[in-house]
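Enquirer: Please work out how this folds:
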Amino acid sequence: MNKIISYSFVIIAFQTLTAQETFTRKDSLQGGLRPERTCFDVMHYGLDIKINPEVKTIVGYNEIEFKVVTNTTKIQLDLFENMKVDSIIFNAKKLNYTREFNAVFVSFETLLTTELPIQKILFYYSGKPIIAKRAPWDGGFVYSKDPQGKDWIGVAVQGTGASLWYPVKDTQTDEPDNGATIKVAVPNGLMNVSNGRFMGSEDLKNGYTRWDWEVKNPINNYDITVNIADYVHIHDNYKGLDLDYYVLRENEAKARKHFQEVKPMMDCFQSKFGEYPFKEDGYKLVETPYLGMEHQSAVAYGNKYMKGYLGNDITGTGIGLSFDFITIHESGHEWFGNSITSKDIADMWIHEGFTCYTESVFVECKLGYDKALVYVNGYRKGVKNDKPIIGSYGVNKEGSGDMYPKGALLLNTLRHIINDDAKWWKLLLDFSTTFRHKIIDTETVIAFFNKESGMDLTTVFNQYLRYTTIPKLEFKVTNGKLDCRWSDVAPEFNMPIDVVINNKTSRIYPKTEWSATKIKIKDINEVKVVTDKFYVVTK
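Expert: Reported below is the predicted structural model:
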């Protein structure tokens, strides 16, 4: 689905670039847009595969339905080099193709926009997909055993690419408009759980049972998933939303109690960000042998039924131990990442910054504003400021991992710049609903926040997203008045901030050169900068 919403902006001249990095043809083939990709719009994926855990192989096909956008004789699909293309069938005939790294260029006599509204190919393939060394941080399959010695398998490929394990148009710019079907045959005695609704199973009479799932909504390529185990199914319905949990047998009782947290989470997120965006496909948590991943409508859960992050509070505040980090964070992605998707993974902060912020939103729903403020500021210690949050475009390159903590701190800062909670919550709700099931970029986010806030927040976004330096507020007393300025910022930087003097809060508007305020003061030690509401440092 080519659902990109973009605004025409000149790239900011002062953007910090990772010039030291060099990129290859392989990078641009995976991350770039060229005519072979933009000439068609994917409408539906139909996976039908068999997974053999013993030899760790996949064999099967993907039925790809698409609409021709521009007349062409060639399209680009993607499948990792180590996987075999068995054949590609169009109108009952084999098509010719060439391979270059992970790209598969499929040749046609001609594809015209005036022909059938929907074209269809069958892409047959097989092979041993890459095994992840440390999922979900590196892409690949995870082969494990449950406590009973039965196979327990999952996959996570965000950033690495969905073409690691199935043929696909491997770019975030295009999601199948009409969703996907995922049919996966696994050895008898095991179950496969994928995205969307369960449509039934069939004993294939060859030692395998096929499990069929259907997704109605558009879905990110990297979100399509398989989860294989001897699962127990727990079903619930909360205020009209189906909640389903697939867990290892020995964890059923534990899961029934632990996952009750999903209900207040849904109340909170739906009140702040709008209705759960994939109601037609339901909501699932699926127990996995790796920590977690935001697989749309089939969220991977591997936090071992602990509070916090595997029993730890990564913010160091203690508040993180009041909820299950993986349940809350990965479910937050249903709104930010799955519903609202970044056009290029260079803008993955749109996924991770907003979702990291949803954790503090949940804390605020549960424990109040003051606790939420403490929680989000706990992320300060995790910011490395090693490189910009925004990565390099067109080469499948994410920015700094700071997109998580620094992204959340940016949003907390924006909230307090706006300084009107009614407006802030309406802005977030409108952002989530306006761009529901859409693909956007950083410029789109900035333009929306500017318009809805009635403020020009451009330099604030750019400072935190494109620079590694944190704004430094410098202040001094001159002739009995407070002077101030911003340093370590771009020349155009412009952000108000609050200070407290003698228990009175005042808003000041520093510039990048020294300027006087109207605040009378005798002792510089009387000044307290409100740093828990603004991500800045002081001097």
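Enquirer: Any idea how many residues pack against the residue found closest to M191 once you drop the neighbours it is linked to in the chain?
Expert: Distances taken as CB to CB, 6 or more residues apart in numbering place Y231 nearest to M191, at 4.8 Å, with adjacent residues excluded. Glycine gets a C-beta too; all of them are placed from N, C-alpha and C. Residues lying near Y231 (other CB atoms under 10 Å) number 21.
Enquirer: what ranges do the strands span in the stretch 51-200 of the chain?
Expert: 57-68, 72-78, 84-90, 93-94, 97-100, 103-111, 119-127, 140-145, 151-156, 180-187, 191-193, 197-203 (DSSP state E, counting those that start in this stretch).
Enquirer: Tell me where this structure has helices.
Expert: 25-31, 35-38, 252-258, 262-273, 325-332, 349-367, 369-377, 405-418, 421-434, 442-453, 458-466 (DSSP state H).
Enquirer: For A156, which of those is the nearest?
Expert: The closest approach between A156 and any of the helices of the chain, judged by CB to CB, belongs to helix 325-332 at 11.1 Å.
Enquirer: by how many degrees do that closest one and helix 262-273 diverge?
Expert: Interaxial angle, helix 325-332 versus helix 262-273 (axes from the mean of the first three to the mean of the last three CA atoms, to 10 degrees): 40 degrees.
Enquirer: who touches helix 325-332?
Expert: Residues from elsewhere that reach helix 325-332, judged by CB atoms under 8 Å, 6 or more residues apart in numbering: 259, 261-262, 265, 269, 283, 285, 291-294, 299-303, 307-309, 314, 354-356, 358-359, 362.
Enquirer: Angles on the backbone of I389, please.
Expert: phi -70, psi -40 (degrees, to the nearest 10).
Enquirer: swap in the one 3 residues further on?
Expert: When quoted as degrees, to the nearest 10, the phi and psi of S392 stand at phi -90, psi 130.
Enquirer: Quickly note the distance from it to T442.
Expert: Here the criterion is CB to CB, to the nearest Å. By it, S392 lies 13 Å from T442.
Enquirer: Which one's more surrounded, these two?
Expert: It is T442, of S392 and T442, that has more neighbours when counted by other CB under 10 Å, with 26 against 20.
Enquirer: The more buried one and V157: what is the separation?
Expert: 23 Å.
Enquirer: same deal with V489?
Expert: Counting by CB to CB, the gap from V489 to V157 is 37 Å.
Enquirer: These two - which one has more neighbours?
Expert: V157 (28 against 24).
Enquirer: List the contacts of that one.
Expert: Neighbour list for V157: 139-140, 164-165, 222 [criterion: CB under 8 Å, 6+ apart].
Enquirer: could those residues go into JSON lines alongside distance to E54 and pLDDT?
Expert: Shown next, in JSON lines, are these (distance: CB to CB, whole Å; pLDDT from 0 to 100):
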{"residue": "G139", "distance to E54": "22", "pLDDT": "96"}
{"residue": "G140", "distance to E54": "18", "pLDDT": "98"}
{"residue": "L164", "distance to E54": "20", "pLDDT": "98"}
{"residue": "W165", "distance to E54": "17", "pLDDT": "98"}
{"residue": "Y222", "distance to E54": "26", "pLDDT": "98"}
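Enquirer: returning to what we had before: could the helices of the chain be laid out in JSON lines, adding distance to F90 and mean pLDDT?
Expert: Listed next are these as JSON lines, based on distance: least, CB to CB, whole Å; pLDDT from 0 to 100:
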{"stretch": "helix 25-31", "distance to F90": "22", "mean pLDDT": "96"}
{"stretch": "helix 35-38", "distance to F90": "16", "mean pLDDT": "98"}
{"stretch": "helix 252-258", "distance to F90": "45", "mean pLDDT": "98"}
{"stretch": "helix 262-273", "distance to F90": "41", "mean pLDDT": "98"}
{"stretch": "helix 325-332", "distance to F90": "38", "mean pLDDT": "98"}
{"stretch": "helix 349-367", "distance to F90": "34", "mean pLDDT": "98"}
{"stretch": "helix 369-377", "distance to F90": "52", "mean pLDDT": "98"}
{"stretch": "helix 405-418", "distance to F90": "43", "mean pLDDT": "98"}
{"stretch": "helix 421-434", "distance to F90": "38", "mean pLDDT": "98"}
{"stretch": "helix 442-453", "distance to F90": "36", "mean pLDDT": "98"}
{"stretch": "helix 458-466", "distance to F90": "43", "mean pLDDT": "98"}
